[in-house]
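[1] Please work out how this folds:
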Amino acid sequence: MSIKNNNDDVKNKEKKSGGAKRRNKGEGTIRKKGNSYEGRVTVEINGVKKQVSVSDKDKRVVIQKMAEARNDAANNSYITNSNITVKEWMKKWINIYKRGTVRNKTLSGYIGYIKQYINPEIGDYELQKVKPIHIKQVLQKMLNGECKTTTKKLALKTVKETYNVLNMAFHEAAENELVKNNCVEKVERPKPRKKEPKIMTREEQKQFESMLSGKYDFTVYLFLLKTGERASEASGTNWEDIDFENKVINVVNGLVLTARYNEDLEIECNELEDTDLKSESSIRKIPMLFEVEKLLKDYREQYMQVNGITTIEELKGKPLFLTNNSNRIKADFLWKKLDKFLKKEGFRHIGVHQLRHTFATRCLEARVSPKYLQKLLGHSTPEMTNLYTHLLEEFETEENEKIDEYYANKVAKNEKSKRKTYKGKIKGKLKIIRKIA
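    Numbers count the residues shown, from 1 in each chain. Model (predicted):
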């Protein structure tokens, strides 16, 4: 048989097999498929043989992918090719791993981060193609105000929580062998900046109290300022939690407005939800100061008139604070109402939580021990309370500097005055000398 005939036989065999070219044993086959190349290689995964198919327009890339598949199988790190997107996996992760295992408020928070910051940026990426740089870009855009959903520079807490959601979701993806590893772990976790709580000065507090004094529907803000409660705690406080006899306020419950999502991660409704407090230490008794007692008794009288209540016994089971429409008050309502009022009055912006910060600072100025303040505020760790201690130290330093400056200026003025007097005396003596001369 001639060489020509041998070549014809090989071509015919390749034609019958679709043009596939068999490589050395175990290396698989490569064939032309349209405008690209397809490579097939048999690998063994957990004792089971499986044929893996890869493709690319560049034949060299196909060879490289085949080699990677063989290597991954040998190292027990082969991941079955999957086209599942980040958006699709996030939905599965929420419904399988988080729904029913965390509080609805927490679940709502996770979904919010996914829908606002994750899906718009990388939701359409294939899960397996997400790299650490993509995660880094998401976080950087949030910090710089370059997100697709907002141009506002987001708080570090929001960025950190988004990172945590991504980290948990990709961890489960790796556990389920949808990705080789959790690429989020390779991105540096956002570091918390040292953020000092903003407080009102004593002068601002006096002005603030004067503006709100006597305004029935603004009593809640004075209550927060003089008890240090969180907005959600005040929203969940009922009249029976106010113990006038023993002069204490029992903090036992919170109230939040929470979005309820269906399995497609679409909002079904918003609902008020009684919720457990942040930690066991948040359940506490706050001493009722004389000012607070007077404030609440005056408020109770107005409350009963407004709501048509004739006896104190009828207050049992009713919320301490209500809106003008007699609905239970909620934290986000408190934020919006205060902001609108202060703008109208021409007063600087004060967030509702700053009332709590101001209360804490006034306590420290009154020499309340940090340990007792921790108990009053319901902090779970001393570190949280130490933030106020640090702030007070800086505040005292600033005040001391003012004193130093005052006395320094006073001394300087005295010295200047002395110099003028001395010069005056010299001039007088010179005049006398001239006259004598």
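
[2] now the strands for this protein?
    For the chain, the strands defined by DSSP state E cover 21-22, 29-33, 36-45, 48-56, 242-243, 248-251, 254-261, 267-275, 284-287.

[3] and of those strands, who's closest to I135?
    Of all the strands of the chain, it is strand 254-261 that lies closest to I135, at 23.7 Å by Cβ to Cβ. From N, CA and C alone the C-beta is placed, and that goes for glycine too.

[4] Tell me the helices and strands packed up against the closest one.
    For strand 254-261, the packing partners by 3 or more Cβ pairs under 8 Å, 6 or more residues apart in numbering; DSSP states H and E come out as helix 104-113, helix 231-235, strand 267-275, helix 331-345.

[5] Identify all contacting residues around the second one.
    In other words, helix 231-235. Applying Cβ atoms under 8 Å, 6 or more residues apart in numbering, the external contacts of helix 231-235 come out as 220, 223-224, 251, 253-256, 275, 277, 282, 319-321, 328-331, 334-335, 352-353.

[6] And that helix, how far out from the chain middle?
    The chain centre lies 19 Å from the centre of helix 231-235; the measure is Cα atoms, centre = their mean, to the nearest Å.

[7] Only C-alpha atoms, please: export it in PDB.
    Extracted in PDB, the C-alpha atoms of helix 231-235 (Å, rounded to 0.1, in the frame of the first residue of the first chain):
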ATOM      1  CA  ALA A 231     -35.300  54.600  68.700                       C
ATOM      2  CA  SER A 232     -36.400  51.000  68.100                       C
ATOM      3  CA  GLU A 233     -36.600  50.500  71.900                       C
ATOM      4  CA  ALA A 234     -38.700  53.600  72.400                       C
ATOM      5  CA  SER A 235     -41.000  52.300  69.500                       C
END
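
[8] re earlier: which one of the strands of the chain has the lowest average pLDDT?
    For the strands of the chain, mean pLDDT drops lowest on strand 21-22, to a mean of 54.

[9] picking up where we left off before, please tabulate the strands of the chain in JSON lines, including the columns distance to E161 and mean neighbour count.
    Converted to JSON lines, the strands of the chain look like this (distance: least, Cβ to Cβ, whole Å; neighbours: other Cβ atoms under 10 Å):
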{"stretch": "strand 21-22", "distance to E161": "52", "mean neighbour count": "12"}
{"stretch": "strand 29-33", "distance to E161": "46", "mean neighbour count": "16"}
{"stretch": "strand 36-45", "distance to E161": "36", "mean neighbour count": "18"}
{"stretch": "strand 48-56", "distance to E161": "38", "mean neighbour count": "14"}
{"stretch": "strand 242-243", "distance to E161": "34", "mean neighbour count": "16"}
{"stretch": "strand 248-251", "distance to E161": "25", "mean neighbour count": "19"}
{"stretch": "strand 254-261", "distance to E161": "16", "mean neighbour count": "19"}
{"stretch": "strand 267-275", "distance to E161": "18", "mean neighbour count": "13"}
{"stretch": "strand 284-287", "distance to E161": "26", "mean neighbour count": "16"}
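
[10] K157 is nearest to which of the ones you listed?
    With Cβ to Cβ as the criterion, K157 lies closest to strand 254-261 of these, at 16.6 Å.

[11] can you give me the angle that closest one makes with helix 331-345?
    110 degrees (axes from the mean of the first three to the mean of the last three Cα atoms, to 10 degrees).

[12] Just the angle for strand 254-261 relative to helix 104-113, thanks.
    With the same axes, to 10 degrees applied, the angle from strand 254-261 to helix 104-113 works out at 50 degrees.

[13] all numbers from here: first residue = 50
    Okay, residue one is now 50; in that scheme the one you just asked about reads as strand 303-310.

[14] Neighbouring strands - and their directions - for strand 303-310?
    As defined by DSSP bridges, the strand partners of strand 303-310 come to strand 316-324 (antiparallel).

[15] before we move on, back to that, so can I have TSV of the strands of the chain showing distance to I163?
    Shown next, in TSV, are the strands of the chain (distance: least, Cβ to Cβ, whole Å):
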stretch	distance to I163
strand 70-71	46
strand 78-82	37
strand 85-94	31
strand 97-105	31
strand 291-292	40
strand 297-300	32
strand 303-310	10
strand 316-324	13
strand 333-336	34
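
[16] so which of those strands comes closest to K229?
    Between K229 and the strands of the chain, the shortest gap by Cβ to Cβ is with strand 85-94, which sits at 13.5 Å.

[17] And that closest one, what does it pack against?
    Strand 85-94 sits against strand 78-82, strand 97-105, helix 108-123, with contacts defined as 3+ Cβ pairs under 8 Å, 6+ apart.
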